[in-house]
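K.L.:
Quick check, what structure comes out for this input:
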Amino acid sequence: MNIELIANFAYILSAALFVFGLKMLGSPATARRGNLLSSLGMLIALIAGLTAEGILGYEFIIGGLVMGTLIGALAARLVAMTAMPEMVALFNGSGGAASLLVGWATLYHGDVSTFTAVTILLAILIGGLTFTGSLIAYGKLSEKINSAALVFPGQRIVNSLILVGILACGYLFAMDPSPESQWLYAMLALALILGVMAVIPIGGADMPVVISLLNSYSGIAACAAGFAINNNILIVAGSLVGASGIILTNIMCKAMNRSLTNVLFSGFGAVKQGKAIEGEVKPISIEDAYYLLEAASNVCFVPGYGMAVAQAQHVVKELGSILEANGCEVSYAIHPVAGRMPGHMNVLLAEADVPYEQLVEMDDINPRIENVDVAIVIGANDVVNPSAREDPDSPIYGMPIINVDKARTVFVLKRSMASGFSGVDNPLFFGENTRMLFGDAKESISGVIGEFG
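P.N.:
So this is what the prediction gives:
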């Protein structure tokens with residue numbers, strides 16, 4: 001049995017592991033095993049590909065595995081959950097850059113056909129776009145740059161001209177593909193610029209959509225690179241990532257009641273500011289919060305990015321357990337775009353061993369929210385903002401929210417009255433049934449737990 005046949009069998013096994021792993025990621029109960037299966041599939045594919053082509057010896061493969069394992073272990077231990085969204089953005093950018101380099105390197109292996117030249121172009125174009133777009137997403141998520149939408153007059157015209165330039169340079173390159181082609185360098189530069197221009201007009205509240213879209217881009221770029229080097233498993237893996245990313249993007253857009261075109265080109269939050277909010281804030285003490293919770297028979301936690309910042313998921317779980325022991329029905333309402341990446345809140349609550357059965361989707365909690373005695377909003381803002389339902393001038397108008405304002409009582413745990421990541425003020429804070437529990441969420445909840453004794 002020759003090495004090429006063994007490699008093909010390894011690719012089939014890897015593809016099967018990818019599919020099963022992806023399927024298992026659909027449930028929190030099996031997601032960890034799905035991750036392991038997919039990782040094993042990628043390990044098998046890498047070893048098979050590198051050895052079959054004679055690219056590297058085993059000593060280099062083992063060395064790379066050791067280095068990658070160390071980097072991954074350190075990242076898993078040292079990167080806080082609050083920094084996970086920007087880390088995912090960097091992963092997407094790294095995938096795009098890798099596909100770009102693989103496509104480019106193909107040009108140095110002799111003459112290429114027109115089809116191969118086109119796939120190289122796609123790998124470089126989509127890879128470059130994904131790389132710089134992900135860097136901008138990283139900057140916005142980490143707040144190293146302004147998270148608001150950045151728009152200027154004629155922006156769409158400029159982007160259209162860049163796209164036309166990319167198509168023209170790509171055509172001229174495909175006519176005479178060469179690694180030293182000036183049209184290749186021009187197209188690469190324009191692709192990198194387009195990545196920046198495509199993400200800067202997207203505001204903070206749309207970042208979960210952008211993350212999933214860039215993830216899809218990285219998969220499509222990998223698929224194109226697979227065609228360029230004629231590697232079947234890279235085509236399969238890239239297709240799976242690209243397709244799943246597009247599906248997730250579509251789900252996120254539906255959760256926000258917006259089209260993908262609207263997300264990409266509307267300049268979210270750059271023009272409308274919504275109506276001025278008037279009212280009186282009603283603070284509450286930890287002791288008074290305890291009395292209300294002690295008497296409650298139905299409590300719903302609504303987590304947001306503030307819970308991640310405070311690392312409060314474990315004390316939230318502890319308080320939930322105490323309330324259950326007190327005869328209270330406890331649930332956790334999860335908005336699809338809560339946090340700064342898809343599934344952010346699910347990951348946090350799973351880390352704290354919150355039972356999956358207690359996680360309730362937005363569409364399931366809203367019909368019965370009026371029967372909730374106390375809704376506890378922990379650092380969420382945009383996903384519970386009534387302006388999305390009531391104010392046509394609000395930039396988030398039309399986005400489905402969790403209607404916590406219709407609960408009998410609402411506790412909002414925040415450090416201050418600052419607006420959310422999108423920069424939109426929230427009238428919920430001034431509601432008649434809302435009580436503000438100011439301070440660090442973890443300390444506040446710990447104080448309530450202490451009152452239960």
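K.L.:
Could you use CA atoms for every contact and neighbour count after this?
P.N.:
Fine.
K.L.:
Would you state the helices of the stretch 201-350 of the chain in chain order?
P.N.:
207-229, 232-255, 260-265, 286-295, 305-310, 313-325, 344-351 (DSSP state H, counting those that start in this stretch).
K.L.:
can I assume Gly447 is in contact with Ala289?
P.N.:
No - judged on Cα atoms under 8 Å, Gly447 makes no contact with Ala289 at a distance of 9.8 Å.
K.L.:
When the two are compared, which one has more neighbours?
P.N.:
Applying other Cα atoms under 10 Å to Gly447 and Ala289 shows that Ala289 carries more neighbours, namely 20 against 17.
K.L.:
Next one: that one from Asp373, what distance?
P.N.:
Per Cα to Cα, to the nearest Å, Ala289 is found 12 Å from Asp373.
K.L.:
Equivalent analysis for Ser113, please.
P.N.:
68 Å.
K.L.:
Neighbour count for these two, which is higher?
P.N.:
Remark: of Ser113 and Asp373, Asp373 carries more neighbours, 21 against 14, as counted by other Cα under 10 Å.
K.L.:
ok, now which ones touch that one?
P.N.:
By Cα atoms under 8 Å, 6 or more residues apart in numbering, the residues touching Asp373 are 296-299, 407-409.
K.L.:
Skipping adjacent residues, who's closest to Tyr108 in space?
P.N.:
In space, not counting the residues next to it along the chain, Tyr108 is nearest to Pro179; the distance is 6.5 Å by Cα to Cα, 6 or more residues apart in numbering.
K.L.:
Same question for Ala296.
P.N.:
Asp373 is the one closest to Ala296 (Cα to Cα, 6+ apart), at 5.7 Å.
K.L.:
got it, and Pro336?
P.N.:
Ala255 (6.2 Å).
K.L.:
Please report how far the one you found lies from Asn426.
P.N.:
For Ala255 relative to Asn426 (Cα to Cα), the value is 19 Å.
K.L.:
more neighbours, the two?
P.N.:
Ranked by neighbour count (other Cα under 10 Å), Ala255 and Asn426 place Asn426 first, with 21 against 18.
K.L.:
which residues of the stretch 351-453 of the chain fall in strands?
P.N.:
Using DSSP state E, counting those that start in this stretch, the strands of the stretch 351-453 of the chain run over 359-361, 374-378, 409-414, 434-438.
K.L.:
what's the second one packed up against?
P.N.:
Identification of packing neighbours for strand 374-378 by 3 or more Cα pairs under 8 Å, 6 or more residues apart in numbering; DSSP states H and E yields strand 298-303, strand 409-414.
K.L.:
The residue nearest to the spatial centre of the chain and Pro303, how far apart?
P.N.:
The chain has Met341 as the residue nearest its centroid, 2.7 Å off, counting by Cα atoms, centre = their mean. Distance, Met341 to Pro303, by Cα to Cα: 14 Å.
K.L.:
shaky segments in the protein?
P.N.:
1, 81, 204-205, 262-279, 418-423 (pLDDT under 70).
K.L.:
and it, what are its domains?
P.N.:
With domains defined by automatic domain parsing, the chain comprises 79-265, 286-452.
K.L.:
Can you give me the first-to-last residue distance of the shortest one?
P.N.:
Put plainly, it is domain 286-452. 11 Å.
K.L.:
quick one: that domain to chain centroid distance?
P.N.:
20 Å (Cα atoms, centre = their mean, to the nearest Å).
K.L.:
for stretch 11-21, same thing?
P.N.:
24 Å.
K.L.:
what comes into contact with it?
P.N.:
Contacts for stretch 11-21 (Cα under 8 Å, 6+ apart): 31, 33-38, 40-42, 44-45, 48, 232-233, 236-237, 240.
K.L.:
Pull out the buried residues from the longest helix seen in the chain.
P.N.:
In terms of residue count, the longest helix belonging to the chain (DSSP state H) is helix 114-141. By neighbour count with 16 or more other Cα atoms under 10 Å, helix 114-141 contains the buried residues 116-141.
K.L.:
ditto for stretch 48-63
P.N.:
48-49, 51-52, 61.
K.L.:
likewise stretch 437-447?
P.N.:
So, applying 16+ other Cα under 10 Å, buried residues of stretch 437-447: 437-438, 440-442, 444-447.
K.L.:
before we move on, what about stretch 243-255?
P.N.:
Buried, per 16+ other Cα under 10 Å, within stretch 243-255: 243-246, 248-253, 255.
K.L.:
ok, residues contacting it?
P.N.:
So stretch 243-255 is contacted by 208-210, 212-217, 219, 259-260, 263, 336-337, 342, 399-400 (Cα under 8 Å, 6+ apart).
K.L.:
Could I have the buried ones of those as PyMOL selection syntax?
P.N.:
Per 16+ other Cα under 10 Å, the buried members of the contacts of stretch 243-255 correspond to this PyMOL selection:
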select buried, resi 208+209+210+212+213+214+215+216+217+219+260+263+336+337+342+399+400
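K.L.:
now, the most widely separated pair of the buried residues of stretch 48-63?
P.N.:
The most widely separated members of the buried residues of stretch 48-63, counting by Cα to Cα, are Ala52 and Ile61 (12.6 Å).
K.L.:
If we go by neighbour counts, what in stretch 358-371 is buried?
P.N.:
359-360, 362, 365-366, 369-370.
K.L.:
which of the residues you listed lies closest to Met84?
P.N.:
Leu359 (20.9 Å).
K.L.:
That closest one and Ile334 touch, don't they?
P.N.:
Yes - the pair formed by Leu359 and Ile334 meets the contact definition of Cα under 8 Å, at 6.7 Å.
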